[in-house]
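[1] Sequence plus predicted model, see below.
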There are 2 protein chains.
Amino acid sequence: MNFEFSQKVSGLQASAIREILKYSADPSVISFAAGSPAPEALPAKQLEELSKELLAEEPDIVFQYGVTEGYQPLREEVKKLLTKRGCFNSEYDDVIITSGAQQANELSAKVLCDESDTILAESPSFIGSLNAFKSYHVNLDGVTLEDDGINIEELEIKLKKGGVKLLYLIPNFQNPTGKTMSWEKRQKAFELCKKYGAVILEDNPYGDLRFEGEDIKSIKTLDTEGSVIYSGTFSKILSPGIRVGYVCAHKDIIQKIVICKQVADVHTAMWSQMLVYRFLKRYDLDEHIESLHSVYKQKTQLMLSQIDEKLSSKIIHTSPQGGLFIWCTLPDEVTTAQMVEFCTAAVRDYKTALVPGTAFTISDSDETRSFRLNFSAPKKDEIIEGCSRVGRLSKEMFGE
Amino acid sequence: MNFEFSQKVSGLQASAIREILKYSADPSVISFAAGSPAPEALPAKQLEELSKELLAEEPDIVFQYGVTEGYQPLREEVKKLLTKRGCFNSEYDDVIITSGAQQANELSAKVLCDESDTILAESPSFIGSLNAFKSYHVNLDGVTLEDDGINIEELEIKLKKGGVKLLYLIPNFQNPTGKTMSWEKRQKAFELCKKYGAVILEDNPYGDLRFEGEDIKSIKTLDTEGSVIYSGTFSKILSPGIRVGYVCAHKDIIQKIVICKQVADVHTAMWSQMLVYRFLKRYDLDEHIESLHSVYKQKTQLMLSQIDEKLSSKIIHTSPQGGLFIWCTLPDEVTTAQMVEFCTAAVRDYKTALVPGTAFTISDSDETRSFRLNFSAPKKDEIIEGCSRVGRLSKEMFGE
């Protein structure tokens, strides 16, 4: 049978990453292509212990239906956490627990955007969110991402055009670039969106993973009337496999997100929510987060030094102070096709998986000569060996 | 700030059930309003034990990201289960694990339907699915549900009109009516949909809960080219709180659902999936299902006898051979408003929660004088006491 798919979905292609991942199934491949936190930094032992207690003490709750808004004690803990960080306005904000921040971002777009609306995002940006927006067939447009955040002049030009409903930003250690938006640009973007009536969707999965430099306050801290939606997650600091994220936004927005989540998956798995709640009650979250930093710092520094030592000197890269990713850019004369060929050769012939920048472009036709490296998932010896392999290939293709 | 929500979402209201649920928070209220399985029939002890083993043996997998398609060993077990039931065609079908059957139904609609397409559903039908369809702003139309399934002549008239992309059916112990579609009607509906190019979405959450009579084969068993999507769940037989469902459909459809699930929640919680897998490997599912039947049979029969004994004789009701629900209908002269008043008085004054039929109508303006009773969630003494309360109210309002 030939199926006629909906317009919004027929345009969605399985991502370019998938091709790379096919080769990655080979166990001899070292993967720098993941988006997962460092496995050794997840508190697996603590979670295992908490799970035992939870199942023994509250089997009736853990196995039955919960409410769509989320497990109430966890919602309260998240509100406390966000209040401490200046991201929860008790006057009008509310919180809903979601099945990962992916759901938070997808539902935010669903409740606010019709097909005629525009969503602006950093160019390049996180493929999962870009595809979520595309799956609602909205107009998606990019704003050039500079080292300290999006180009503010370009933002204003695009806002002026009208029709912009949402500005999607990952201000801390952005995916895929690892770049962090300056406080000045956060303020300016906030003011401009307010002026032109656009809502900011601030996605902050990596903010806790800062191992160097000073924290920069969230855009949400500037909010005085509900024009910023803040999404967060426990994926990077506790576990991605449990799928627990949250949204903090004006209660009118949360109310609509609740209705959409009800039809999406009824509620987030009870065990996952109750486990996170027990972790937050039992342990000091700040201490736990602090304990992750040395792991991330060591791995980042190792990969950065390996890149500098082994890759063609013509390749430039970001030097993030946190997060999961390093963004490498090939020399000026390299075409998009050559960059993709470089990434393909890396995994096919040199058994090292990178993610080509084409995975993160706003439009399929955008040119890019960059690729993404992940330093959190591989082991240290894999970082060393993988960089040697990519180094040899890069020198062959682009010279010393 | 005044938010302008998307058209598809602004039309979605928090369901009528919510009003009733507000009163239900009162601990003296007996709830016949739930949609949850009998708590005493969930294998909580076995799941607790399996969880311990799982967390001790595979912490690396349970806490990390999984693939969108689902935990591979579970997918294989589900394929085996469906093959045994004649619902998996190895030539073209594939299976994806979803976060409950709710997600299965929502994503099926998302991949197939544009705003100009029509979805037909039994009238009345399950509010969660109806709202999922509405959240994509499709044309939703109902086909009258008779005691043995939808009216086939009406179905053909509506299919003939054109534009029908999907026919949504719950053939076994339908929600909210408890009605089961006959084998003859299943065959006729299948043939008609094939003739007019509509896909059938067969939602089967309650099929395993038949405690009386003969199983009727799924519509999916008739499928020879992928024109039936089958969705199932472990919510009613293992646990709803873990949120594990699945879709079996033509691989072209599954491929699109995978892309949409990737942007919806990346994947279903690993613990939930791995727990179900271990249950299926450790225990005989058929034996487990068999063991549930006596619980459901006793509760159904108790509630049916209580209704006959205590409610106004002018109220008629279905007598389901399985599932979770009984559908009661007030006398001919009763208006929709009076039915809602009856349900409101029941919870407000008689501390017993029922769900008014208005929650299940295709359109907000549809008339109905029915209400839904759930017999699986309340305890036996609650069934007896709740029926006494509703009985008194019904006799006051409608006579002996």
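    The structure has been received and is ready for your questions.
[2] Who are the contact partners of A:Glu58?
    Residues near A:Glu58 by CB atoms under 8 Å, 6 or more residues apart in numbering or on different chains: A:Met274. Where C-beta positions appear, they are placed from N, C-alpha and C, glycine not excepted.
[3] Just the buried residues of stretch A:298-305, please?
    By 16 or more other CB atoms under 10 Å in any protein chain shown, the buried positions in stretch A:298-305 come out as A:Lys299, A:Thr300, A:Leu302, A:Met303, A:Leu304.
[4] Actually, stretch A:135-155.
    For stretch A:135-155, by 16+ other CB under 10 Å, it's A:135-138, A:140-143, A:145-146, A:149-152, A:155.
[5] in the stretch 101-250 of chain A, which spans are helices?
    A:127-134, A:152-160, A:183-196 (DSSP state H, counting those that start in this stretch).
[6] would you turn these into TSV with mean pLDDT and distance to A:Gln72?
    Output for the helices of the stretch 101-250 of chain A, formatted as TSV (pLDDT from 0 to 100; distance: least, CB to CB, whole Å):
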stretch	mean pLDDT	distance to A:Gln72
helix A:127-134	95	27
helix A:152-160	98	38
helix A:183-196	98	31
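[7] In TSV: those helices, plus distance to chain B.
    Converted to TSV, these look like this (distance: least, CB to the nearest CB, whole Å):
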stretch	distance to chain B
helix A:127-134	4
helix A:152-160	16
helix A:183-196	9
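[8] Regarding chain A, what is its longest helix?
    Using DSSP state H, we find that the single longest helix of chain A is helix A:285-310.
[9] could you give the angle of the longest strand along chain A to helix A:152-160?
    Identified as the longest strand of chain A according to DSSP state E is strand A:139-146. Interaxial angle of strand A:139-146 relative to helix A:152-160 (axes from the mean of the first three to the mean of the last three CA atoms, to 10 degrees): 170 degrees.
[10] Strand A:139-146: partners in the sheet, and parallel or antiparallel?
    Strand partners for strand A:139-146, identified by DSSP bridges, are recorded as strand A:118-123 (parallel), strand A:149-150 (antiparallel).
[11] would CSV of those with mean pLDDT be doable?
    Shown next, in CSV, are these (pLDDT from 0 to 100):
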stretch, mean pLDDT
strand A:118-123, 98
strand A:149-150, 98
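[12] Identify whichever of those strands lies nearest to B:Ile30.
    Closest approach to B:Ile30 among the strands paired with strand A:139-146 (CB to CB): strand A:118-123, 47.1 Å.
[13] Give me the residues contacting the closest one.
    Outside strand A:118-123, the residues touching it (CB under 8 Å, 6+ apart) are A:109, A:113, A:129-130, A:133, A:138-145, A:149-150, A:155, A:158-159, A:163-170, A:174, A:198, A:361-362, A:366.
[14] Which of the buried residues of stretch A:135-155 sits closest to B:Gln72?
    A:Ser135 (24.8 Å).
[15] so who does the closest residue in space to A:Gln306 that isn't next to it in sequence touch?
    The shortest distance from A:Gln306 to any non-neighbouring residue, by CB to CB, 6 or more residues apart in numbering or on different chains, is to A:Cys387 (3.6 Å). By CB under 8 Å, 6+ apart, A:Cys387 lies in contact with A:Met303, A:Gln306, A:Ile307, A:Glu309, A:Lys310, A:Leu311.
[16] Nearest to B:Ile216, out of the buried residues of stretch A:298-305: which one, please.
    A:Lys299 (57.5 Å).
[17] what's across from the spatially closest residue to A:Ile229 that is not a sequence neighbour in the sheet?
    With sequence-adjacent residues excluded and distances taken as CB to CB, 6+ apart, A:Ile229 is closest to A:Ala249, at 4.2 Å. For A:Ala249, the beta-bridge partners under DSSP bridges are A:Asp94.
[18] tally of neighbours for A:Ala249?
    Each residue near A:Ala249 was counted by other CB atoms under 10 Å in any protein chain shown, and the total is 31.
[19] Please tell me how far it sits from B:Lys236.
    33 Å (CB to CB, to the nearest Å).
[20] now do A:Ile127
    According to CB to CB, A:Ile127 and B:Lys236 sit 36 Å apart.
[21] and what of A:Leu159?
    In terms of CB to CB, A:Leu159 sits 49 Å off from B:Lys236.
[22] try A:Leu209
    Applying CB to CB to A:Leu209 and B:Lys236 gives a distance of 40 Å.
[23] Please report the distance of A:His288 from chain B.
    14 Å (CB to the nearest CB, to the nearest Å).
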